[in-house]
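> what would the 3D arrangement of this be:
(chains A and B)
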2 protein chains.
Amino acid sequence: MTQSIDRVDHVIPKEEAVFSFGPEMKPVLEVDPGAVVTFETHDCFSGQIQTEHDLVTDIDFSKVNPATGPVAVRGAEPGDSLIVEILDIRPGPQGVATIIPGYGQLIDIVESPVTKVLPVRDGIVHFNDEIRFPMRPMVGVVGVATGGEEITNAMPGQHGGNLDDHLHGIGTKIYFPVRQRGAMFGVGDMHASMGDGEICGTGIEIAGEVTVRFDLLKGKQGAWPVSETAEAWIAHGTATEFPDAMREAFREAAYLLAGEWGLDLEDAFILLSIRADVGVAQACKPSPFATIARVVMPKLDAIPGPFRI
Amino acid sequence: MTQSIDRVDHVIPKEEAVFSFGPEMKPVLEVDPGAVVTFETHDCFSGQIQTEHDLVTDIDFSKVNPATGPVAVRGAEPGDSLIVEILDIRPGPQGVATIIPGYGQLIDIVESPVTKVLPVRDGIVHFNDEIRFPMRPMVGVVGVATGGEEITNAMPGQHGGNLDDHLHGIGTKIYFPVRQRGAMFGVGDMHASMGDGEICGTGIEIAGEVTVRFDLLKGKQGAWPVSETAEAWIAHGTATEFPDAMREAFREAAYLLAGEWGLDLEDAFILLSIRADVGVAQACKPSPFATIARVVMPKLDAIPGPFRI
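Coordinates of the predicted model:
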């Protein structure tokens, strides 16, 4: 799955991390568009959980969800989109998943807390002696500076943050709405695998390395991060409850179809109903977390991406 | 996409239709397990909408969502699963999609009502002169007799009914919980394409033909219809609001992992969180319709299907 990367211009150590995105962020590095940067990333617990005896109830929550960075991209101005192409994601050899008291879709039918250690060898996750499956690496926290609020990395928002979309894997491009000069990109919360919904609140939380290439789209942006894979483009929406997140994501998709591709809103509504697939990026409830919806619109000859470029 | 079908044992005309599933259904045909049956199906409007001048506000709603059948399968007893393998779905040459006043995720930003006529030629949907895409045929209403209630085909339930899962396409097997002798299967509400969520309340509503093969799994069943594709198995849940449907579907998936495959519930909870993808089959809101969630669990070497067979 690794894409060919002919050069890496910079490597940022995982110690250079932030725990929130806000309007005033100081870059650890400034690069030009086109730069390729590798981010070393902690796992979401900053390495506090290493064995099945380390329980999530015992850790320091102020160290949860670090994002390595931020990196400023020269020329990024409010109104632009920062394009982040994920060239590679390399998880380390061991991840963990946890059951957290009070959290998650099935918490009423299980005992808790539980920590499960999950080795990853040669791209295969070893759940136990019998159950194994290929990893599906992705990054949960991906974001840029906000327009005004300070938003903890536990939460998603229009700046990105904890978007937890499993489609944010190798090969995906994310278009972030730039709200501050330089954009200020950070990334963390890698998962060797995370299911849509992430119903116990964790995927396979794992440290590793992420390599991205930066680019700019001048003068265009979505209200939320918009993503693009080889086959589709993806609108996002987030809200406390999933039905509201879903409506936000559809509204974003409809405005892209109308604003960029000239559809009237009736046609956008019908086209989304008959051909776009809404998905559940994140819906761990009960929990204090937000829910995240994505709308996946396949690329068509007439509508090859989210933006007319 | 059409599978090779070496014989069709019976053809049921679309005039043999029911508008609800209940506990006492009179079969139009009785077959043995292994039988291959073609169902001719009306579109969901029973053909009342043919042009863009036919508006959904003017039709007779008592004729909406016919299901051709029911067919009784010999040997199907309460406690078994009726296996329905979808061998082929052949939409007709023209479908329609509609915007219904008061219905759907984006209804507050569009004018309505609207009828859009959508030609389907050689497997390609013609949205307009520029926008075209391959059809993705599926059946919305698939069900069997209920344990007691009479449930209109507008609604889904543990018997199936209006499940509206786009994964119910060619090649999928559906395991229905048999509640009455003979099971009593019916099918309708074909879509040439329907997006997950079906956010305006319609996909491409179209008449056509569906060919299925019946089989039985004796002495095992889920609480809801469980489906199987080449790559994955799928648990379902339905409820008025989507978060409740999602919890039902995850509960079903966890009980299948525990009951059939011996996982403890903690491991089932974690495995679903890190590897299963919850999806939105149907979530047209606002509307009187129910929402439908599916949990897609990829087949693993150790867990190759929903049931240990």
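
> A:Val64 contacts A:Gly47, correct?
No - using Cβ atoms under 8 Å, A:Val64 is not in contact with A:Gly47; the gap is 11.2 Å. In this view, the C-beta of every residue, glycine as well, is placed from N, C-alpha and C.

> of the two, who's got more company?
A:Val64 (20 against 15; other Cβ atoms under 10 Å in any protein chain shown).

> burial of A:Val187, as a residue count?
27.

> buried residues in the helix or strand that contains it?
If you go by DSSP states H and E, A:Val187 is part of strand A:185-191. Buried residues in strand A:185-191, defined by neighbour count with 16 or more other Cβ atoms under 10 Å in any protein chain shown: A:Phe185, A:Gly186, A:Val187, A:Gly188, A:Asp189, A:Met190, A:His191.

> contacting residues for the second one?
For A:Gly186, the set of contacting residues under the criterion of Cβ atoms under 8 Å, 6 or more residues apart in numbering or on different chains consists of A:Ala17, A:Val18, A:Phe21, A:Ala67, A:Thr68, A:Gly69, A:Pro70, A:Val71, A:Val141, A:Val142, A:Gly143, A:Val144.

> what average pLDDT does the helix or strand containing the fifth one get?
To tie it back to what came earlier, the one meant is A:Thr68. Following DSSP H and E, one finds A:Thr68 within strand A:67-73. Taken as a whole, strand A:67-73 has a mean pLDDT of 98.

> and after it, which helix or strand comes next?
Scanning onward from strand A:67-73 (DSSP H and E), the first element met is strand A:81-91.

> rounded mean pLDDT for that next one, please.
Mean predicted confidence for strand A:81-91 is 98.

> who does that strand pair with, and is each partner parallel or antiparallel?
Next to strand A:81-91 in the sheet, as set by DSSP bridges, lie strand A:173-177 (antiparallel), strand A:208-217 (antiparallel).

> make CSV out of the ones you listed and add mean neighbour count and distance to A:Phe307.
Listed next are those as CSV, based on neighbours: other Cβ atoms under 10 Å in any protein chain shown; distance: least, Cβ to Cβ, whole Å:
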stretch, mean neighbour count, distance to A:Phe307
strand A:173-177, 25, 7
strand A:208-217, 21, 6
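
> can you redo those as CSV with mean pLDDT and distance to B:Gly169?
Below are the strands paired with strand A:81-91 laid out as CSV (pLDDT from 0 to 100; distance: least, Cβ to Cβ, whole Å):
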stretch, mean pLDDT, distance to B:Gly169
strand A:173-177, 98, 29
strand A:208-217, 98, 35
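
> among the contacts of A:Gly186, who's most crowded?
A:Gly143 (32 neighbours).

> just give the nearest non-adjacent residue to it, would you?
Spatially, and ignoring its direct neighbours in sequence, A:Gly143 is nearest to A:Gly160 (3.3 Å; Cβ to Cβ, 6 or more residues apart in numbering or on different chains).

> do the same with A:Ile234
Going by Cβ to Cβ, 6+ apart, A:Ile234 has A:Ser227 as its nearest residue, at 4.2 Å.

> circling back to that earlier point, dump the buried residues of strand A:185-191 into CSV; add pLDDT as well.
Output for those, formatted as CSV (pLDDT from 0 to 100):
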residue, pLDDT
A:Phe185, 99
A:Gly186, 98
A:Val187, 98
A:Gly188, 98
A:Asp189, 98
A:Met190, 98
A:His191, 98
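
> okay, now the unreliable bits of the stretch 51-200 of chain A?
Residue ranges of the stretch 51-200 of chain A with pLDDT under 70: none are present.

> next, the distance between the ends of stretch A:208-228.
23 Å (Cα to Cα, to the nearest Å).

> which residue ranges of the stretch 101-250 of chain A form helices?
Taking DSSP state H, counting those that start in this stretch as the criterion, the stretch 101-250 of chain A carries its helices at A:242-261.

> near chain B, which residues of it?
Within reach of chain B by Cβ under 8 Å from any Cβ of the partner chain, the stretch 101-250 of chain A has these residues: A:104-107, A:109-112, A:114, A:116, A:118, A:125, A:127-128, A:130-133, A:166, A:191, A:193-204, A:241-243, A:246-247, A:250.

> redo that, cut-off 7 Å
Residues of the stretch 101-250 of chain A lying close to chain B (Cβ under 7 Å from any Cβ of the partner chain) are A:104-106, A:109-111, A:114, A:116, A:127, A:130-133, A:193-200, A:202-204, A:241-243, A:246-247, A:250.
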